[in-house]
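> sequence below, structure please.
(2 chains)
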Amino acid sequence: MEWLPLFFAAAMGFALFMYIILDGYDLGIGMLIPFANDEEKDLMISTIGPFWDANETWIVLGVGIMLMAFPFAHSMVLTSLYLPVAIMLLGLILRGVSFDFRVKAKTDHKKLWNNLFSIGSLIASMAQGWMLGNYVMGLTHSSLSMFFTLAITIMLPVLYIMMGCGWLLYKTEGDVYWKAVRWARIAVLPLGLGLLLISIATPLVSETIAAKWFRLPEAIGLMPIPLASMIAYGAIIGVLSSKSMLNNDKGWIVYVALIAICIMCGIGLGYSLYPDIVIDKLTIWEAASSKDAMQFAFYGTVIAVPCIFAYTIFIYRVFRGKTTELSYESDR
Amino acid sequence: MEFDPIILARIQFALNISFHILFPTISIGLCWVLMFFRLRFTQTQNIKWEYAYYFWVKIFALTFAIGVVSGIVMSFQFGTNWPGFMEKAGNVAGPLLGYEVLTAFFLEASFLAIMLFGKNRVSNRVHLISTLIVALGTSMSAFWILSLNSWMQTPDGYVMKDGVIHIENWIDIIFNPSFPYRLAHMLIASLLTVSFLIAGVSAWRARSGVHGPGTIKVMKTGVILAAILTPVQIFVGDMHGLNTLEHQPAKIAAIEGIWHTEKGAPLTLFGIPNEEEQRTDYAIKIPKLASLILAHDIDAELKGLNEFENEHPPVAPVFWSFRVMVGIGMLMLAVSWFCAFTIIRKKDFSKFQYTLLSAMTFSGWVAVLAGWYVTEIGRQPYVVYGLLRTSDVVADHAAGTVLTTLIGYIILYAFLLVSYIATLRYMSTKPARSLELLQEKAQDDTEKEL
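Okay, here's the model as predicted:
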């Protein structure tokens, strides 16, 4: 049963990856809302209506797996990230409830809820960047690590905004589609620059990570990771600058390419951390809960996660295709 | 002024969990009621039931969303505020919470989308099944969380090794001694809260004259459900109390205000617990009744708080919360039977009855909160009864940090609660926009048939 902690580390990584690629687009749309007119706002929010709730559950699953399998890491990570966690929760609460309030409240309150939805999305995204950055820095607070943390705090919202654009390119047509193209063209350069800088900075600020990446022969084996990321990034640029592809409704490629970039970042991050769950402080074996607890959790995870995956696909299939309008049935 | 971080952490957690529980309490019960509306519509094809479904499913969605986001706060706060709890009891708490996420959260969040937006995209059967899945999901969620909570009250199936709790038997842990009672008590409480909510909102709508079709049907459903469930709840609550006496006698002593062990203990109806003097001031007592209720013997000996020095909860909050809960329970019984009697006689409700039901709209919330205060404050000074003290598991954040986030939460929750109730009010007094649409549709259908 030595492999159980490894299994749960992978499962946790998977859940958090799913969170980033799924909730990423709806947080991104939240941040894009202020740049749209009222009608477009309604449509943009409709594109995420059936999905956002389940998307957000992936982070709860990530934290849940941490609770199940790595209680020591759960308390170490979350105690040390007290403030960004509190701020993120504030943001998630604001946007989550605004989503529901905005369609039910008085018409003249709708503006307030729209604003809170955007602000909440921005706050939550930045706080997640803060958490991620500080986590990669091994929860340290030197000025170097704070600078790195700040960089991720700014970068993660940019990634989410880009994903939001990608989602709109997949789910909409007409005015909103072309607006999304415009937004994506603005966001794509900062995104590329940011990803490049962070990739260079990570080994510079962390000796542990540098040692893992710059040694032979591993360095050669790792080359596909940056290469694939660059190809995916190239695909985004390609689609956004090709009038004919955009006209032929190939905008969804942007979202798929972003998923590819996230996969590469995820693999890279996993490789950088392994075997630690908190870098330089705690390995996954040290953080693991008792064997009995892990075994019990294992059965549940192995049975439930594929089911969750299956019905998530089912829901995405039910609500596939372009969003035209989405309202509660009785209002139709 | 110096603040004690432990007290602040406790206030913060109490605030979060109190705010959170309001919403699952509604969504657990409301989803089964929605299932009932949906079934009735499928059976009778009466459009009133469908209207009721879509009116209440919106409230369900709103309630569910607030429950989800405030629940996320909980899952993080175990780590941020109570790291010692996860380090020492993580082997038990982790998997139980994890199972809740795995078996319930995704089901609810995913299939809710079909309930809300899926009518024209899936068949009636799939829509019905989706409603059922969400209802099962919410109840499943209650199952796991109450299992963990009950285990913290009456721990079983564990062994202590080096100060850390380890697993001996999962079945004993999940089905620990107080779990069946607490689960039943909470599920019924949830349904009762919902029956008064739907009856109250419907009575409000009917009285203000803006209601759509089905309002009266919904109101009657709520009244009848409450009239049936209130006596059941009183019975289950009594059994829960007997179970507590067996496993947590200190809690019962605080509930009853029994300061010193005595035979043939009286039942204190009201009074002001005076912890310094170890007595209840201005007490109104009924001789021997506490012994009779709790041990079914008028001369039975009941343990007093004196037997649990430094191990009993603060008396006044437990004592008072219990009386609030029972008081509302009695009120619920009176109101629901009074109104159910009118329905049975096939009479119309009087103006007074409408007002009464509207006033009782959120009575379930108060009773549920009071009940949880009894059981949670009653567990103190332990976080896991008899094993782990609350003061030993708290995180050592600076008081200022906790105070800042606490103030943030207070402002946010106050704002959300006001918005929630205001929105409910707005939705129930807004002339039903879809009413005309429904009538048009009904007219179209008749024309087609002709």
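> quick one: low-confidence ranges for chain A?
Within chain A, the set of residues satisfying pLDDT under 70 comprises A:1, A:325-332.
> could you pull out the helices for the stretch 151-300 of chain B?
Per DSSP state H, counting those that start in this stretch, the stretch 151-300 of chain B carries helices over the ranges B:170-174, B:179-208, B:215-247, B:249-256, B:289-295.
> of all these, which lies closest to chain A?
Proximity to chain A, assessed across the helices of the stretch 151-300 of chain B by Cβ to the nearest Cβ, is greatest for helix B:170-174 (5.6 Å). Placement of C-beta: from N, CA and C, glycine included.
> quick check: which helices or strands does the closest one pack against?
helix B:83-100, helix B:124-153 (3 or more Cβ pairs under 8 Å, 6 or more residues apart in numbering or on different chains; DSSP states H and E).
> mind listing what's buried in that helix?
By 16 or more other Cβ atoms under 10 Å in any protein chain shown, the buried positions in helix B:170-174 come out as B:170, B:173-174.
> can I get these in CSV with distance to residue A:76?
Output for the buried residues of helix B:170-174, formatted as CSV (distance: Cβ to Cβ, whole Å):
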residue, distance to residue A:76
B:170, 26
B:173, 25
B:174, 28
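> host element of residue A:14?
helix A:4-32 (DSSP states H and E).
> same check, this time on residue A:115
helix A:110-136.
> please enumerate the strands of the stretch 151-300 of chain A.
A:276-278, A:282-283 (DSSP state E, counting those that start in this stretch).
> okay if I get the ones you listed as TSV plus distance to chain B and mean neighbour count?
Formatted as TSV, the strands of the stretch 151-300 of chain A follow (distance: least, Cβ to the nearest Cβ, whole Å; neighbours: other Cβ atoms under 10 Å in any protein chain shown):
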stretch	distance to chain B	mean neighbour count
strand A:276-278	13	22
strand A:282-283	12	18
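> give the contact list for residue 259.
If you meant another chain, say so; for now it's chain A. When contacts are counted by Cβ atoms under 8 Å, 6 or more residues apart in numbering or on different chains, residue A:259 touches residue A:21.
> that's the wrong chain, I meant chain B
B:253, B:278-280, B:304-306.
> in strands only, show me those residues.
Among the contacts of residue B:259, the ones falling in strands (DSSP state E) are B:279-280.
> return a PyMOL selection command for the buried portion of the contacts of residue B:259.
Of the contacts of residue B:259, the buried ones can be selected in PyMOL as follows, counting by 16+ other Cβ under 10 Å:
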select buried, chain B and resi 253+280+304+305
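> and the contacts of residue B:259 as TSV, adding pLDDT and distance to residue A:156?
Formatted as TSV, the contacts of residue B:259 follow (pLDDT from 0 to 100; distance: Cβ to Cβ, whole Å):
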residue	pLDDT	distance to residue A:156
B:253	85	53
B:278	79	57
B:279	80	60
B:280	81	57
B:304	84	58
B:305	84	53
B:306	84	58
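> looking at the contacts of residue B:259, which is nearest residue A:163?
residue B:253 (57.4 Å; Cβ to Cβ).
> ok, the closest one - contacts?
B:259, B:302-305, B:307-308, B:312.
> the helices and strands packed on helix B:170-174: which one's closest to chain A?
helix B:83-100 (2.7 Å).
> now the closest one - C-alpha only, CSV.
In CSV, the C-alpha atoms belonging to helix B:83-100 read as follows (Å, rounded to 0.1, in the frame of the first residue of the first chain):
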residue,chain,number,x,y,z
PRO,B,83,-5.4,22.6,12.2
GLY,B,84,-5.2,20.5,15.4
PHE,B,85,-8.5,18.9,14.6
MET,B,86,-7.3,17.7,11.2
GLU,B,87,-4.0,16.5,12.6
LYS,B,88,-5.4,14.5,15.4
ALA,B,89,-8.8,13.5,14.1
GLY,B,90,-8.0,13.7,10.4
ASN,B,91,-8.1,10.0,9.9
VAL,B,92,-11.8,10.0,10.7
ALA,B,93,-12.9,13.4,9.6
GLY,B,94,-11.0,13.5,6.3
PRO,B,95,-12.6,10.4,4.7
LEU,B,96,-16.1,11.2,5.9
LEU,B,97,-15.9,14.8,4.5
GLY,B,98,-14.3,13.4,1.4
TYR,B,99,-17.1,10.9,0.9
GLU,B,100,-19.6,13.8,1.1
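> next structured bit after that helix?
Later in the chain than helix B:83-100, the nearest helix or strand by DSSP H and E is helix B:106-117.
> now do that following helix: distance to the chain's middle.
Averaging C-alpha positions (Cα atoms, centre = their mean, to the nearest Å) puts helix B:106-117 22 Å from its chain's average.
> and stretch B:318-328, by the same measure?
So, by Cα atoms, centre = their mean, the centroid of stretch B:318-328 is 15 Å from its chain's centroid.
> how about stretch B:134-145?
That offset, for stretch B:134-145, works out to 13 Å (Cα atoms, centre = their mean).
> hmm, who's touching that stretch?
Stretch B:134-145 has contacts (Cβ under 8 Å, 6+ apart) with B:24, B:27-28, B:31-32, B:34-35, B:96-97, B:99-100, B:103-105, B:107-108, B:111-112, B:115, B:183, B:186-187, B:190.
> and chain A, which of those contact it?
B:97, B:99-100, B:103, B:105, B:107, B:111-112 (Cβ under 8 Å from any Cβ of the partner chain).
> got the buried residues for the helix or strand harbouring residue B:23?
Secondary structure assignment for residue B:23, by DSSP H and E: helix B:5-44. By neighbour count on 16+ other Cβ under 10 Å, the buried set for helix B:5-44 is B:5-6, B:8-13, B:16-38, B:40-41.
> once you drop chain neighbours, what's closest to residue 173?
If you meant another chain, say so; for now it's chain A. Nearest non-adjacent residue to residue A:173, counting by Cβ to Cβ, 6 or more residues apart in numbering or on different chains: residue A:322, 5.4 Å away.
> to clarify, I was referring to chain B.
residue B:157 (4.0 Å).
> for that neighbour, give its distance to residue A:137.
The gap separating residue B:157 from residue A:137 is 40 Å, by Cβ to Cβ, to the nearest Å.
> what of residue A:130?
11 Å.
> then residue A:108?
46 Å.
> mind listing what the closest residue to residue B:101 other than its chain neighbours touches?
Leaving aside its chain neighbours, residue B:101 sits nearest to residue A:64 (3.8 Å; criterion: Cβ to Cβ, 6+ apart). Taking Cβ under 8 Å, 6+ apart, we find residue A:64 in contact with A:15, B:75, B:97-98, B:100-102.
> looking at the residues you listed, spot the one nearest residue A:283.
residue A:15 (19.9 Å).
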